[in-house]
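[1] Sequence and predicted structure are below.
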Amino acid sequence: MTTEATTGAHSGPSEVLVVQPRSHTERTILRRWAEESHPGAPVVPIGDGPEVPAALGEALHGDDTVIVPARVAWVTPEAGEPGAVRRLRGLATTAVMRMAWSPLHPAMARHRPDAARVVVGEPATVSDLVSRFVAQENGRPGSEGFARFVVRQAVLACDRVERRILGDRYKVPRRMVEQITSSARFAELAARLARRTGRPAPEVAQRLESCLHEMAAVQSPPAIDVFRAMMGPMHAKAWDVQVDESGLERLRALNRDHALIFLPSHRSYADPLLLAEVLHERNFPRNHVLGGNNLSFWPMGALGRRAGVVFIRRVFGEDVVYKAAIQEYLGHLLAKRFNLEWYIEGGRSRTGKLRRPRVGLLRYVVAAMQDRPGLDAILVPVSIAYDQLHEVGAMAAEQAGGEKRAEGLGWLYHYFRDQSRHIGTARVRIAEPLSLRQALADAGEGPAQLEKVAFRVCAGINGVTPATATSLATFALLSARDRALTLQQVREVVAPLADYLEAREVAVPVAELRTRHGLRMTLDRLAEAGVVTVYEGGTEPVFAIGAGRHHVAAFYRNGTLHHLLERALLEVALLRIGDAGDDEDLVEVGWRELARLRDLLKFEFFFSTRRAFRGEILRELGLIDPDWRRRDARPADVRAALRQLPLLVAPGVLRSFLDAQLVVADRLAALGDRPLPAEGDGPLPPQQEFLDECLGVGRQMLMQHRLDRADSVSRELYATAVRQAENRGLVTPDGAGRAGADGAGPSLAEKRVAWCDEVAAVIDDLGRLAELQRVRLQVVLGTGDDEPVARALPAADGSTEGDAGVAS
């Protein structure tokens, strides 16, 4: 047994040893330590509960009495053995060593006496503790509240020393609810809520405390280790993990002075487990992960709370007491510099690209900071990108109209089983951290302030998300429109994509894309997952998207689309410039078309500010033609430049989303001037019934070849299109009025038809670009006819006009 302390040993009649034994063995170890290091000093044991020993209350009457806190820490080497099974066994052994299970401690003390260490916290006099108590809690010395305060301080003092041994990864909160409810702030909060709700203050305080107990995580090092041992198989076998080490080192420096709020992208149930392991291995304190209480089923709920998961009700309406409890809890955690983590999308992405952010939790954090003027926190955008996901098939089925499977023990068993197969690499990247206070100031005052901050976080996530080999391979195969490609043909499609992304300084897996072997391995992994089919009965293997697997392939493809967005918009704008007359201002035509496209897609993608967007478009022009500023271009020159481009991405990037808008616009136009019903007679809410109708009509239009992509038949894409319609005032007559319609303006039916026509016109542009792309790849895809060029673009002299049609 060894001793770890912050100061030397004290002896004398004015000392009181406050010890925290968790078993008979620990009590024996602490008694022996007390006899050797502090002979004659009284020893007062305290437990984990709120009860305060009477002996401690008696010891707190002398101002010069020194309180010396101590406990036993069980330390075991965590050096990993090779192999996942041995590693998990090591985790379990470590957890058992730290558990307060009295039947195990005697054997542990006999076989590993060096593992038991007495940690001694910073001593403090009673007068010092009184000063802290009065300052922090506005309390009365000599009261039972003061004795509880001393117990909390003793626990925290030992925690600090124990972290020096075990590392910051085991920085855990102690008695958080008790700390909150014993503060002067809590009494004031209960009084304010009592006035607001008209209920007695004691009743409100009791309700607040109950809500805090419901949500508060009760972390402990043993539970953390057990949780890691149990949940490790959910990610340890499935992926190799690549980590942005420099980004984490930058965070380590910031974490010394501020709490961090990790805001990762959300693709998988494994996201929080994988990120927790990455941080644990690098000695970061464990995050408090905010999640929905749909995952609080046994054993996940009981163990998760002890490992740092904060389970929050998914719906709490206008419950002002519950909202106040969340705000106070989050503010207290940040003030104590405990790190937070939640998923700003509000749920896993069903389409593979980042969802629009939800700002509810951010709103509570900002309110808590405003209530604590000296408090700030650092927002940390995190990208977690996977080569493949086992669960993507189920998510894709939901988009095609399937039901989401409820979480439970059966679901957990199947998830664990699926995760046992290795499916590639997971990449964790850290974007530039943001001071929350500074980000709010930069966003300016107004109702959109939080949305601007959240969009900045999402833009940061997108910016550091790498392009995976899986995403580029599926982009190539989906762009072939169900045509099977040879390996060389896939390489010919992927190569210019990789060249472009590297020119943009986007991380690209060179070995997996630039070599035949690497690309074949990528396609084989997709084939093993059932996303791609391989036919090997001919002269050479050919690859295509599997039947009914277009949504899965699109999920992987969509993870890279944000890197191609500006290029895609510019291609459509250049097409429209090529259609312009010689007497038109081509620059004005281009910016007008870009603004129109940006407005059509603003609910699907994260756009920069208009000023930054302009710079991004000019950068894209520089990549297309470095000498564009010195040219006095005519429409014919722009058409010729489009024909010569080595890469056209607009159809592959934009078509699915505009096809989905076309279906929603078509269904709204079919309603004429009638609004979507506010109440439905069926079992579903009105919007859900409308989305189901869109799914049915979308499948019909796909079979009729009025739509180009099977992945456009998607509940989530339709829901986003409905938000676009709401923004344009096309859902209800009242909405049309808010959008600026007056008695002399167009009717709701006319506006709906106009939107449908606008979307169809852009789809027609994409069809023309797709024809041009197929001509460009005539060698790759076996097209030997130049006739589609004339259909896609007018000739250089403008003599031939063509139209590929909405269903091209």
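    Arrived safely. The structure displayed is predicted, hence computed values, not measured ones.
[2] what ranges do the strands span in the stretch 251-400 of the chain?
    For the stretch 251-400 of the chain, the strands defined by DSSP state E, counting those that start in this stretch cover 259-264, 288-292, 309-312, 340-341, 377-386.
[3] what's the fourth one packed up against?
    Other elements packing on strand 340-341 under the criterion 3 or more CB pairs under 8 Å, 6 or more residues apart in numbering; DSSP states H and E are strand 259-264, strand 288-292, helix 320-335. Backbone N, C-alpha and C define where each C-beta goes, glycine included.
[4] Give me every residue in contact with that strand, excluding its own residues.
    Contact partners of strand 340-341, identified using CB atoms under 8 Å, 6 or more residues apart in numbering, comprise 259-264, 272, 275, 287-290, 330, 333-334, 365, 377.
[5] least reliable of the helices and strands packed on strand 340-341 going by mean pLDDT?
    Ranked by mean pLDDT, those bottom out at strand 288-292, with a mean of 87.
[6] That one pairs with which strands?
    strand 309-312 (parallel), strand 340-341 (parallel) (DSSP bridges).
[7] For the ones you listed, which has the smallest mean pLDDT value?
    Ranked by mean pLDDT, the strands paired with strand 288-292 bottom out at strand 309-312, which scores a mean of 88.
[8] List of residues touching that one?
    214-217, 272, 288-293, 295-296, 301, 304-305, 326, 329.
[9] could you check the angle helix 320-335 makes with the helix or strand containing Ala194?
    Using DSSP states H and E, Ala194 sits within helix 184-197. On the basis of axes from the mean of the first three to the mean of the last three CA atoms, to 10 degrees, helix 184-197 is oriented at 160 degrees to helix 320-335.
[10] Okay, the closest residue to Asp666 other than its chain neighbours and Gln388: tell me how far apart.
    Ranked by CB to CB, 6 or more residues apart in numbering and with sequence neighbours excluded, the top spatial neighbour of Asp666 is Cys756, at 5.8 Å. Separation of Cys756 from Gln388 (CB to CB, to the nearest Å): 37 Å.
[11] what about these two, which has more around it?
    Gln388 (24 against 21; other CB atoms under 10 Å).
[12] I'd say the more buried one and Glu528 touch.
    No. Using CB atoms under 8 Å, Gln388 makes no contact with Glu528, being 9.2 Å away.
[13] could I get the strands of the stretch 251-400 of the chain as JSON lines with distance to Leu748?
    Shown next, in JSON lines, are those (distance: least, CB to CB, whole Å):
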{"stretch": "strand 259-264", "distance to Leu748": "39"}
{"stretch": "strand 288-292", "distance to Leu748": "37"}
{"stretch": "strand 309-312", "distance to Leu748": "39"}
{"stretch": "strand 340-341", "distance to Leu748": "44"}
{"stretch": "strand 377-386", "distance to Leu748": "40"}
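[14] Which of those strands sits closest to Glu398?
    The closest of the strands of the stretch 251-400 of the chain to Glu398 is strand 288-292. By CB to CB, the value is 16.5 Å.
[15] can you give me the offset of the closest one from its chain's centre?
    Here the centre of strand 288-292 is set off from its chain's centre by 12 Å, with CA atoms, centre = their mean, to the nearest Å.
[16] do stretch 597-604 as well
    Taking mean C-alpha positions (CA atoms, centre = their mean), stretch 597-604 and its chain are 22 Å apart.
[17] Endpoint to endpoint, it covers what distance?
    End-to-end distance of stretch 597-604: 11 Å, with CA to CA, to the nearest Å as the criterion.
[18] what residues does it touch?
    With CB under 8 Å, 6+ apart, stretch 597-604 has contacts from 356, 569, 572-573, 607, 613, 654, 657-658, 661, 720-721, 723-724, 727, 758-759, 762.
[19] Buried among the residues you listed? Make that a ChimeraX selection.
    Only the buried entries of the contacts of stretch 597-604 go into this ChimeraX selection, using 16 or more other CB atoms under 10 Å:
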select :356,569,572,573,607,613,654,657,658,661,720,721,724,758,759,762
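[20] what does the average pLDDT come to for stretch 479-490?
    The pLDDT scores in stretch 479-490 average 87.
[21] Now do the buried residues in it.
    For stretch 479-490, by 16+ other CB under 10 Å, it's 479-481, 484-487, 489-490.
[22] can you check stretch 119-138 too?
    By neighbour count on 16+ other CB under 10 Å, the buried set for stretch 119-138 is 119-124, 126, 129-130, 133, 137.
[23] Now tell me what touches that stretch from outside.
    3-7, 10, 15, 60-73, 139, 141, 145-146, 149-150, 153-154, 156-162, 165, 182-184.
[24] With just CA atoms, put that stretch into PDB.
    Extracted C-alpha coordinates of stretch 119-138, given in PDB (Å, rounded to 0.1, in the frame of the first residue of the first chain):
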ATOM      1  CA  VAL A 119      -5.000   9.300  -1.700                       C
ATOM      2  CA  VAL A 120      -5.100  12.300   0.600                       C
ATOM      3  CA  GLY A 121      -6.900  15.500  -0.400                       C
ATOM      4  CA  GLU A 122      -5.800  19.100   0.400                       C
ATOM      5  CA  PRO A 123      -6.400  19.700   4.100                       C
ATOM      6  CA  ALA A 124      -8.400  22.800   5.100                       C
ATOM      7  CA  THR A 125      -9.300  24.400   8.400                       C
ATOM      8  CA  VAL A 126     -12.800  24.700   9.600                       C
ATOM      9  CA  SER A 127     -12.600  28.500   9.300                       C
ATOM     10  CA  ASP A 128     -11.500  28.200   5.600                       C
ATOM     11  CA  LEU A 129     -14.400  25.900   5.000                       C
ATOM     12  CA  VAL A 130     -16.900  28.300   6.700                       C
ATOM     13  CA  SER A 131     -15.700  31.100   4.400                       C
ATOM     14  CA  ARG A 132     -16.200  29.000   1.300                       C
ATOM     15  CA  PHE A 133     -19.600  27.800   2.500                       C
ATOM     16  CA  VAL A 134     -20.900  31.400   3.100                       C
ATOM     17  CA  ALA A 135     -19.500  32.600  -0.200                       C
ATOM     18  CA  GLN A 136     -20.800  29.700  -2.300                       C
ATOM     19  CA  GLU A 137     -24.100  28.800  -0.700                       C
ATOM     20  CA  ASN A 138     -24.900  31.800   1.500                       C
END
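[25] just how off-centre is it within its chain?
    40 Å.
[26] How about the helix holding Ala194, which residues are buried there?
    185-186, 189-190, 193-194.
[27] Name the spans of the stretch 551-700 of the chain whose pLDDT lies under the cut-off.
    Scanning the stretch 551-700 of the chain for pLDDT under 70 picks out 677-686.
[28] give me that answer again for 90
    580-587, 608-609, 622-647, 674-689 (pLDDT under 90).
[29] same thing with the stretch 151-300 of the chain?
    Looking at the stretch 151-300 of the chain by pLDDT under 90, you get 151-153, 155-185, 213-240, 256, 268-270, 272-273, 277, 280-283, 285-286, 291-300.
[30] can you do 80?
    163-175, 218-236, 292-300 (pLDDT under 80).
[31] swap in the stretch 1-150 of the chain?
    Ranges of the stretch 1-150 of the chain meeting pLDDT under 80: 1-13, 47-52, 54-55, 57-59, 61-62, 74-115, 135-144.
[32] Only the buried residues of stretch 653-671, if you could.
    Buried-residue list, stretch 653-671, by 16+ other CB under 10 Å: 653-669, 671.
[33] Alright, that wraps it up for me.
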